[in-house]
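S.K.: Below: sequence and its predicted model.
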Amino acid sequence: MRSVFPQAMPLEGLIGGLMIGIAAAIMLLGLGRIAGVSGLTARATGIADSGAPRSIAIAFVVGLPVGAFLMSSLVGGVETRFPSSIIPLLIGGVLVGYGTRLGSGCTSGHGVCGMSRLSPRSLTATAIFMMSGFATVALMRAGGFL
């Protein structure tokens with residue numbers, strides 16, 4: 001039987017999801033803080049004055065690429081594709097940054113931590129950014145960009 005998603009890696013996805021969930025639980029139970037990457041990044045860069053202690057925020061944010069590098073070194077790299085121009089990446093980054101500030105959180109804060117607590121605000125925010133992502137992909141495919 002032919003797979004609908006030939007590049008799917010369900011075991012790796014399960015392990016990654018468990019690791020994210022454990023990290024979020026450690027942050028919540030150990031520090032009483034939500035492991036929201038946008039909030040921790042804002043705190044680490046000095047954009048936000050409240051939240052986790054700045055040293056914790058910096059360690060968390062630095063740990064993201066360091067952890068990705070270590071995992072890549074252990075299990076091999078991941079094939080990535082980027083646009084030939086940096087302009088779409090910059091525009092996308094600005095829009096995502098604006099959206100996370102507007103929505104008071106991102107996929108990790110709302111989608112992982114907030115939904116696990118059944119937060120109505122997080123359930124709503126996650127539904128909105130998921131629908132926005134689906135619409136963006138549909139529009140990009142319709143426009144021939146994907």
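M.R.: The structure has been received and is ready for your questions. Because the structure is predicted, anything quoted here is derived from the model rather than measured.
S.K.: what residues are up against residue 24?
M.R.: 34, 35, 108, 112, 113, 116 (CB atoms under 8 Å, 6 or more residues apart in numbering). Where you see a C-beta, it was placed from the backbone N, CA and C, and this is true even at glycine.
S.K.: Could I get the pLDDT score of the residue lying closest to the first one once chain neighbours are set aside?
M.R.: It stands for residue 34. The shortest distance from residue 34 to any non-neighbouring residue, by CB to CB, 6 or more residues apart in numbering, is to residue 113 (4.5 Å). On pLDDT, residue 113 comes in at 87.
S.K.: Residue 130 sits in which helix or strand?
M.R.: helix 120-142 (DSSP states H and E).
S.K.: That helix - what's its average pLDDT?
M.R.: 91.
S.K.: got the CA positions of it in PDB?
M.R.: The C-alpha trace of helix 120-142 is given here as PDB (Å, rounded to 0.1, in the frame of the first residue of the first chain):
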ATOM      1  CA  PRO A 120     -10.100  29.100  26.300                       C
ATOM      2  CA  ARG A 121      -7.800  31.900  25.100                       C
ATOM      3  CA  SER A 122      -5.200  29.400  23.900                       C
ATOM      4  CA  LEU A 123      -7.900  27.200  22.200                       C
ATOM      5  CA  THR A 124      -9.100  30.200  20.300                       C
ATOM      6  CA  ALA A 125      -5.600  31.500  19.400                       C
ATOM      7  CA  THR A 126      -4.500  28.000  18.200                       C
ATOM      8  CA  ALA A 127      -7.600  27.600  16.100                       C
ATOM      9  CA  ILE A 128      -7.000  31.000  14.500                       C
ATOM     10  CA  PHE A 129      -3.400  30.500  13.700                       C
ATOM     11  CA  MET A 130      -4.000  27.000  12.400                       C
ATOM     12  CA  MET A 131      -6.700  28.300  10.100                       C
ATOM     13  CA  SER A 132      -4.500  31.100   9.000                       C
ATOM     14  CA  GLY A 133      -1.700  28.700   8.200                       C
ATOM     15  CA  PHE A 134      -4.100  26.500   6.200                       C
ATOM     16  CA  ALA A 135      -5.400  29.500   4.300                       C
ATOM     17  CA  THR A 136      -1.800  30.700   3.600                       C
ATOM     18  CA  VAL A 137      -0.800  27.300   2.100                       C
ATOM     19  CA  ALA A 138      -4.000  27.200   0.000                       C
ATOM     20  CA  LEU A 139      -3.400  30.700  -1.400                       C
ATOM     21  CA  MET A 140       0.300  30.000  -2.000                       C
ATOM     22  CA  ARG A 141      -0.600  26.800  -3.900                       C
ATOM     23  CA  ALA A 142      -3.300  28.500  -5.800                       C
END
